[in-house]
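A.B. asks: Take this sequence and fold it.
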Amino acid sequence: MPYPWNPPQAFSSVKEYLDYYRSIFLDFCGEEYVNELFSYFPTDTKVYLTHGDLLPQNIMVEGSTITGIIDWETAGYYPEFWEYSRIHDAGLMTPAWARVLTRIFPGPRREKEIRAVYRILRLLRNNDV
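C.D. replies: Prediction:
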């Protein structure tokens, strides 16, 4: 998360992660809105070390081989839904990237999670201190 929204320590669970950010949002959003926004995220998932911004512009390719992943400034330990949602950035979606994601993640997209993550990011940017 962007400064100053960084947590003071690592979280022991996804529930703790969500509770921390829910409390921040209650400072500038109504309780009903916050509860609805955070209701889209599962609490029974795991936390992983993720890139945080794994998008086509950060993946170096030579031919059909991935040769590197760059731009690790947003890397961190996030619930699995965070990276999933970030790689589905509608503003950076191209037909080729959509085909790649369909192969990696068969089945319906988790649209509510994706939209909720981008609402969170937009609110954090708009309410930066």
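A.B. asks: how about the most centrally placed residue in the chain, secondary structure?
C.D. replies: Residue closest to the average C-alpha location in the chain (CA atoms, centre = their mean): Trp82, at 2.9 Å. Assigned by DSSP: H, G, I helix; E, B strand; the rest coil, the conformation of Trp82 is helix.
A.B. asks: Confirm for me that it is in contact with His51.
C.D. replies: No - judged on CB atoms under 8 Å, Trp82 makes no contact with His51 at a distance of 10.3 Å. C-beta: built from backbone N, CA, C; applies to glycine.
A.B. asks: Which residue ranges of the chain form strands?
C.D. replies: Here the chain has its strands, by DSSP state E, at 47-50, 59-62, 65-69, 76-79.
A.B. asks: how about the longest one as PDB, C-alpha atoms only?
C.D. replies: Same thing as strand 65-69. In PDB, the C-alpha atoms belonging to strand 65-69 read as follows (Å, rounded to 0.1, in the frame of the first residue of the first chain):
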ATOM      1  CA  THR A  65      10.300 -16.900 -22.800                       C
ATOM      2  CA  ILE A  66      10.000 -14.700 -19.700                       C
ATOM      3  CA  THR A  67      13.500 -13.300 -19.000                       C
ATOM      4  CA  GLY A  68      12.700 -11.100 -16.100                       C
ATOM      5  CA  ILE A  69      10.300  -9.400 -13.800                       C
END
